[in-house]
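Asker: okay, structure incoming, though there's no sequence with it:
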């Protein structure tokens, strides 16, 4: 009796394992589009454009746009994992462009402040008759 029970369990286990495997593969194949990641990448590009990345970090902004376009193409080809990865890379590139734009602008402001400070010091020295 014991061997018959084991035989039935083994006979039922094999199709169950196959069914679970098929369902798992089906779930991977029908992965939904990475809509949130695509939207986040798009918003990061918009933010970079507002930060004048086209002027201060054009290469990074161009790379972000290209990766977003590739992500959209991957969605149309039903390659959702690739699309998600490319969308995330696009977002990172756009954020890098935004950051670099901010750095360039901050450096320009800093340089202008240094120049203004030098001019003020020179004017004060002229007014008091001091020389350094």
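Answerer: Yes, it's here. Note that the structure is a prediction, hence the values are computed from the model and not measured.
Asker: just the pLDDT for residue 20.
Answerer: Residue 20 is assigned 70 on the pLDDT scale.
Asker: name the SS class of residue 87, please.
Answerer: Three-state call for residue 87 (DSSP: H, G, I helix; E, B strand; the rest coil): helix.
Asker: against residue 41, how distant is the most centrally placed residue in the chain?
Answerer: By C-alpha atoms, centre = their mean, the mean C-alpha position of the chain lies nearest to residue 91, the distance being 2.2 Å. Applying C-beta to C-beta, to the nearest Å, the value for residue 91 to residue 41 is 4 Å. C-beta coordinates here come from the backbone N, C-alpha and C atoms, glycine included.
Asker: same deal with residue 80?
Answerer: Residue 80 is 15 Å from residue 41, by C-beta to C-beta.
Asker: these two: which has the busier surroundings?
Answerer: Taking other C-beta atoms under 10 Å, residue 80 and residue 41 do not tie; residue 41 has more neighbours (27 against 18).
Asker: contacts for whichever helix or strand that one is part of next, please.
Answerer: Taking DSSP states H and E as the definition, residue 41 sits inside helix 35-50. The contact list for helix 35-50 (C-beta atoms under 8 Å, 6 or more residues apart in numbering) reads 57, 60-61, 64-65, 67-68, 71-72, 75, 83-84, 87-88, 90-91, 94-95, 97-98, 101.
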